[in-house]
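1. I'd like to go over a predicted model; first the sequence, then the structure.
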Amino acid sequence: QVQLVESGGGLVQAGGSLSLSCVASGRALRTYFLGWFRQAPGKEREFVAAIGWIGGSTIYADSMKGRFTISRDNAKNTVTLQMNGLKPEDTANYYCAADQVVGPLRLAQPEYWGQGTQVTVSS
């Protein structure tokens, strides 16, 4: 079992920045990829980014490359998503996610996910 708790969402103007954090807890965390997906009202889940626990390899959705940065702090069991250059189309509920295989994360169908944090970008 992995528990994930997100924080850091909010309202920001287009072009602004937000940082989302996720605290992970549970057994064998180092065997899990951690990442983020998002879901806007009426839309399907969309993969955002993922990071390996050991080595820190990262994967991004094409539309987030260059704007979003995922990082992790193993000592604090925390994964952070730094979002810059936000656009109104980035408005969504952002979920922290975990899976022992990166494939399900990239499909936004992970084994575990948190309660989500809302990000709203005004134009």
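-> Received, thanks. Numbers count the residues shown, from 1 in each chain.

2. okay, which residue is most central for this structure?
-> The centre of the chain sits closest to Trp36, judged by Cα atoms, centre = their mean, with a distance of 2.2 Å.

3. not counting the helix or strand containing that one itself, show me its contacts.
-> Applying DSSP states H and E as the criterion places Trp36 in strand 33-39. With contact meaning Cβ atoms under 8 Å, 6 or more residues apart in numbering, strand 33-39 is reached by 4, 20, 22, 24, 45-53, 59, 70, 72, 79, 81, 90, 92-102, 105, 108, 110, 113, 116, 119. In short, each C-beta sits where N, CA and C put it, glycine included.

4. where do the strands of the chain begin and end?
-> Using DSSP state E, the strands of the chain run over 2-7, 10-13, 18-26, 33-39, 46-51, 58-60, 68-73, 78-83, 92-99, 112-113, 117-122.

5. and those strands as TSV, adding mean pLDDT?
-> Output for the strands of the chain, formatted as TSV (pLDDT from 0 to 100):
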stretch	mean pLDDT
strand 2-7	96
strand 10-13	97
strand 18-26	97
strand 33-39	97
strand 46-51	97
strand 58-60	95
strand 68-73	95
strand 78-83	97
strand 92-99	97
strand 112-113	96
strand 117-122	97
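
6. state the distance from Arg38 to Gly10.
-> Arg38 is 14 Å from Gly10, where distance means Cβ to Cβ, to the nearest Å.
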